[in-house]
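Colleague: Any chance you can model this:
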Amino acid sequence: MKLFAIAVLAAMLAGCAANQGMSNDASASRTESCKVTSDQEIAALFDRWNQSLQTGDPHKVVANYAERSILLPTVSNKPRLTVADKEEYFHSFLQDRPSGKIDFHYIELGCNSAVDAGLYTFTFARTGAVVKARYTYTYHWNGSQWLITSHHSSAMPEKQ
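Modeller: Numbers count the residues shown, from 1 in each chain. Below you'll find the predicted structure:
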């Protein structure tokens, strides 16, 4: 029994020694460091997006989105994949001077990713219209900032 334990220990040590020969580059490419975040930090990303709406500049709104991202907006049937598509949508959307407010949210945190889903209300200053909608934002940490990778918004289906 002792000999078996010694053999197992020797095999484990040999495996560890073999792994020491790996280059740092190889092990670094397989590991990802996770951005430490909080529900509050992720919730504040909606505020950042909403403040960019207040500028009236579609380019500033679209700067919140990752290059590879999708926007499935409330008032358009067309999925928006490119920067130009998103800017076209926001050019039209911003004309009514929207302002959003979160009514309910659920946040899920991951390694360099997060999801914020819930309910929000938009008030449009130009028309006075109020629209209640559901939303889902997914975010990715790109090493320097959180960017939206998907944004889905749809008007509430039941009239109140």
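Colleague: Spell out the residue ranges of the helices in this structure.
Modeller: Under the criterion DSSP state H, the chain contains helices at 2-20, 24-30, 39-54, 58-62, 83-93.
Colleague: Now tell me which of these the model trusts least on average.
Modeller: Comparing mean pLDDT across the helices of the chain, the weakest is helix 2-20, with a mean of 41.
Colleague: Just give me the residue closest to the centre of the chain.
Modeller: Nearest to the geometric centre of the chain sits Tyr139, at 1.0 Å (CA atoms, centre = their mean).
Colleague: who's that residue bridged to?
Modeller: In this entry, Tyr139 is beta-bridged to Ala114, Ile148, by DSSP bridges.
Colleague: List the contacts of it.
Modeller: Counting by CB atoms under 8 Å, 6 or more residues apart in numbering, Tyr139 touches 42, 45, 113-116, 146-149. Glycine gets a C-beta too; all of them are placed from N, C-alpha and C.
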